[in-house]
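Engineer: Take this sequence and fold it.
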Amino acid sequence: MDALNKPGQDHPSEQDSAILETAVWRKFDTRLLPMCTAVYLMSFFDINNIANARVAGMQAALNISDYQFTVALTLTLVPYIAMELPSNLILKRVGPDRLLPAMVALWGIIAAMQGFVTGYTGLLLCRFFLGLTQGGLLPGLVLYLSSFYPRERLQMRLDAFFSSASLTGAFTGLLAAGITHMDGIGGKPGWAWIFFIEGLFTFSFGISSFFIFPRSPESARFLSPEERYYVISKLKRSRAISEDDGRDVFSWVEVLRAFCSPQVLLLIIVTFFNGVSVFGLALFEITIVAGLGYTGNQAQLMSVPPFVLAFLASMISAYFSDRYGCRGLTVIFFSFWCIIGFSMFYASTSQHVRYASLFLSMTGTYAAVPAVITWIVNNSAPHIRRASSIAFGFVANCSGGILATWLLGSLSPGPNFTAATIAYIVMSTGMALFSLLNLLYLSRENRAKAERRLSMAKDDEPEHLGDRSAWFVYSL
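Structural biologist: The predicted structure follows:
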């Protein structure tokens, strides 16, 4: 690290900088980002494939009620939420190259064990430990990538693996439809093979990840010394990382500052509302489709197209959001997609209109996720404050997931899901409203910071201000 920061080292020329600018991000995009995307893809497979197993006959085989099934889903999210903040706070100390692969391998084993479950108690135990081992993954991946990419390049990369959640919804249906044909092999039902195959693949991938994930840009073996120097300089200029590693030591004061930041508090509310939609649609979309008259493998296959549109919309919007720096407008735009989609489902009894509504509500829900999370990451510094802000956002998101399991479970029975749909319309409106408030707040703060920069020198400002520094410009 010291070698990378020697002040006497020559700065690259403008031409060399242009070459490095292209080369280093391409290397991260082809070697680091696919690994993160694959890990997140598998996490969504393994936490949500219980919905496909349910349609394939698991609930009837275990003789559990809808209420008991909802309890099992809720129990997954409780330890999941509990692990998000502590995991993020120790990520840098333990090393993401160790902690993240360990999580993947452990939950892969537990996910596969669900195929051996023969009763309700066994299902509860598996779901509890699945949430416990998987809880720190998503905030950890976001924090990890934020230390490799500058702020203005981050959403496109976050969207790459957040969009994999949309693809997961598509592939889960297709894969489950194929795997259920293994019914009876080895004396196991088709739904059990869903857990076996997907869980064992996750475990194998987790073991291989120990040898692939770099700890940090400084230790990335695929970068040359010149490229490492360039990346670190770029990250420091964009305030993606601190100028001095000594400022990144753990501090409860920074955790508290993160929680008390208005831009974090406003977006915690947005991520909660969004989480209710994300988890509700991820866990119950196939149940909603089945309630429209599609059954068995037909329901599995009909659940695919809305996820495909959500993926495409997420990638396109991320490009424009990164290019024009419009995080808030992106969230507001897709909030209206949600409002329209849920309103269509509520107002109509037509099978075709309700199915069409899923394309709007799911696209709005999934496309808003990376914009909200990137907005939190971009506007939090230094490291511990950013780690805490990310974790708080995901705690809120998963807390919304707990509400979703009950809204679409026993509180609002299908096929109409009336109470749940009304709640989703209200929350989608709330997403747009609180995003607008955050946009107005950050705009006002940026104007105030611009005035402060005119009246003082940077050296006159106290240290350790992080995102509160007059020289830290908030992303809008």
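
Engineer: The longest helix anywhere in the chain packs against which elements?
Structural biologist: Assignment by DSSP state H gives helix 418-455 as the longest helix of the chain. On a contact count with 3 or more C-beta pairs under 8 Å, 6 or more residues apart in numbering; DSSP states H and E, helix 418-455 meets helix 262-291, helix 327-347, helix 351-378, helix 383-407. To be clear about C-beta, it is placed using only N, CA and C from the backbone, and glycine gets the same treatment.

Engineer: relative to helix 383-407, how tilted is it?
Structural biologist: Using axes from the mean of the first three to the mean of the last three C-alpha atoms, to 10 degrees, the direction of helix 418-455 lies 160 degrees away from that of helix 383-407.

Engineer: For helix 418-455, buried residues please.
Structural biologist: 420-421, 423-425, 427-439, 442, 445-446, 449 (16 or more other C-beta atoms under 10 Å).

Engineer: Secondary structure element for residue 214, which one?
Structural biologist: When elements are assigned from DSSP states H and E, residue 214 belongs to no helix and no strand.

Engineer: That one: how many residues sit nearby?
Structural biologist: For residue 214, the neighbour count with other C-beta atoms under 10 Å is 19.

Engineer: unless I'm mixing things up, it is touching residue 221, no?
Structural biologist: Yes. Residue 214 sits in contact with residue 221 when judged by C-beta atoms under 8 Å, with a separation of 6.9 Å.

Engineer: Export the helices and strands packed on helix 418-455 as TSV, with columns for distance to residue 186 and mean neighbour count.
Structural biologist: Shown next, in TSV, are those (distance: least, C-beta to C-beta, whole Å; neighbours: other C-beta atoms under 10 Å):
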stretch	distance to residue 186	mean neighbour count
helix 262-291	25	24
helix 327-347	41	22
helix 351-378	35	24
helix 383-407	31	25
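
Engineer: What lies in contact with stretch 461-476?
Structural biologist: 151, 239, 247, 254, 257, 261, 263, 325-328, 374-375, 378-382, 385, 439, 442-443, 445-446, 449, 452-453, 456, 458 (C-beta atoms under 8 Å, 6 or more residues apart in numbering).

Engineer: how far does it stretch from start to finish?
Structural biologist: 24 Å (C-alpha to C-alpha, to the nearest Å).

Engineer: which parts of that stretch are buried?
Structural biologist: Quick answer for stretch 461-476 (16+ other C-beta under 10 Å): 466-467, 469-470, 472-476.

Engineer: Need the helices and strands packed on helix 418-455 in CSV (columns: mean pLDDT).
Structural biologist: Listed next are those as CSV, based on pLDDT from 0 to 100:
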stretch, mean pLDDT
helix 262-291, 92
helix 327-347, 97
helix 351-378, 94
helix 383-407, 91
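
Engineer: which stretch among the ones you listed comes nearest residue 311?
Structural biologist: Between residue 311 and these, the shortest gap by C-beta to C-beta is with helix 351-378, which sits at 7.6 Å.

Engineer: Quick one: work out the angle between that closest one and helix 327-347.
Structural biologist: Using the same axes, to 10 degrees, the inter-axis angle of helix 351-378 relative to helix 327-347 is 160 degrees.

Engineer: which strands and helices sit next to helix 351-378?
Structural biologist: Using 3+ C-beta pairs under 8 Å, 6+ apart, helix 351-378 is in contact with helix 137-146, helix 154-179, helix 262-291, helix 304-324, helix 327-347, helix 383-407, helix 418-455.

Engineer: picking up where we left off before, indicate which one of the helices and strands packed on helix 418-455 is closest to residue 112.
Structural biologist: With C-beta to C-beta, the closest approach to residue 112 among these belongs to helix 262-291: 19.8 Å.

Engineer: Distance from the chain centre to the longest helix of the chain, please.
Structural biologist: In this view, helix 418-455 has its centroid 20 Å away from the chain centroid, taken as C-alpha atoms, centre = their mean, to the nearest Å.

Engineer: related to what we said a few turns ago, mind checking which of the buried residues of stretch 461-476 are in helices?
Structural biologist: Among those, the subset assigned to helices under DSSP H is empty.

Engineer: Looking at the residues you listed, spot the one nearest residue 48.
Structural biologist: Closest approach between the buried residues of stretch 461-476 and residue 48, by C-beta to C-beta: residue 475, at 30.4 Å.

Engineer: I'd like the distance between that closest one and residue 322.
Structural biologist: 10 Å (C-beta to C-beta, to the nearest Å).

Engineer: how would you label the nearest residue to residue 78 once chain neighbours are set aside: helix, strand or coil?
Structural biologist: Closest residue in space to residue 78, ignoring its immediate chain neighbours: residue 131 at 6.7 Å, by C-beta to C-beta, 6 or more residues apart in numbering. Classification of residue 131 by DSSP: H, G, I helix; E, B strand; the rest coil places it in helix.

Engineer: my guess is residue 131 meets residue 73, correct?
Structural biologist: No. Using C-beta under 8 Å, residue 131 is not in contact with residue 73, being 9.9 Å away.

Engineer: From the buried residues of stretch 461-476, pick the one nearest residue 364.
Structural biologist: Nearest to residue 364 among those: residue 476, at 20.3 Å, using C-beta to C-beta.

Engineer: Now stretch 211-229: average pLDDT?
Structural biologist: For stretch 211-229, mean pLDDT rounds to 90.

Engineer: nope, stretch 33-48 is what I meant
Structural biologist: 87.

Engineer: residues making contact with it?
Structural biologist: 76, 100, 104, 107-108, 111, 130-131, 134, 137-138, 141, 144-145, 157, 160-162, 164-165, 167-169, 171-172, 198-199, 201-202, 205, 209, 212-213, 282-283.

Engineer: please redo it, this time with the cut-off set to 6 Å
Structural biologist: With contacts defined as C-beta atoms under 6 Å, 6 or more residues apart in numbering, stretch 33-48 is touched by 104, 111, 134, 137, 141, 157, 160-161, 164-165, 168, 198, 202, 212, 282.

Engineer: Between all of these, which two are at the greatest distance?
Structural biologist: 212 and 282 (27.2 Å).

Engineer: The helices and strands packed on helix 418-455: which one's closest to residue 89?
Structural biologist: helix 383-407 (6.0 Å).

Engineer: In terms of secondary structure, what does the closest one contact?
Structural biologist: Helix 383-407 sits against helix 66-94, helix 137-146, helix 252-260, helix 262-291, with contacts defined as 3 or more C-beta pairs under 6 Å, 6 or more residues apart in numbering; DSSP states H and E.

Engineer: hey, C-alpha coordinates of the shortest one in PDB?
Structural biologist: Included here for helix 252-260 are C-alpha records, laid out as PDB according to Å, rounded to 0.1, in the frame of the first residue of the first chain:
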ATOM      1  CA  TRP A 252     -19.500   3.600  17.400                       C
ATOM      2  CA  VAL A 253     -19.600   7.400  16.900                       C
ATOM      3  CA  GLU A 254     -19.500   6.800  13.100                       C
ATOM      4  CA  VAL A 255     -22.200   4.100  13.400                       C
ATOM      5  CA  LEU A 256     -24.400   6.700  15.200                       C
ATOM      6  CA  ARG A 257     -23.600   9.400  12.700                       C
ATOM      7  CA  ALA A 258     -24.700   7.100   9.900                       C
ATOM      8  CA  PHE A 259     -28.000   6.400  11.600                       C
ATOM      9  CA  CYS A 260     -28.600  10.100  12.400                       C
END
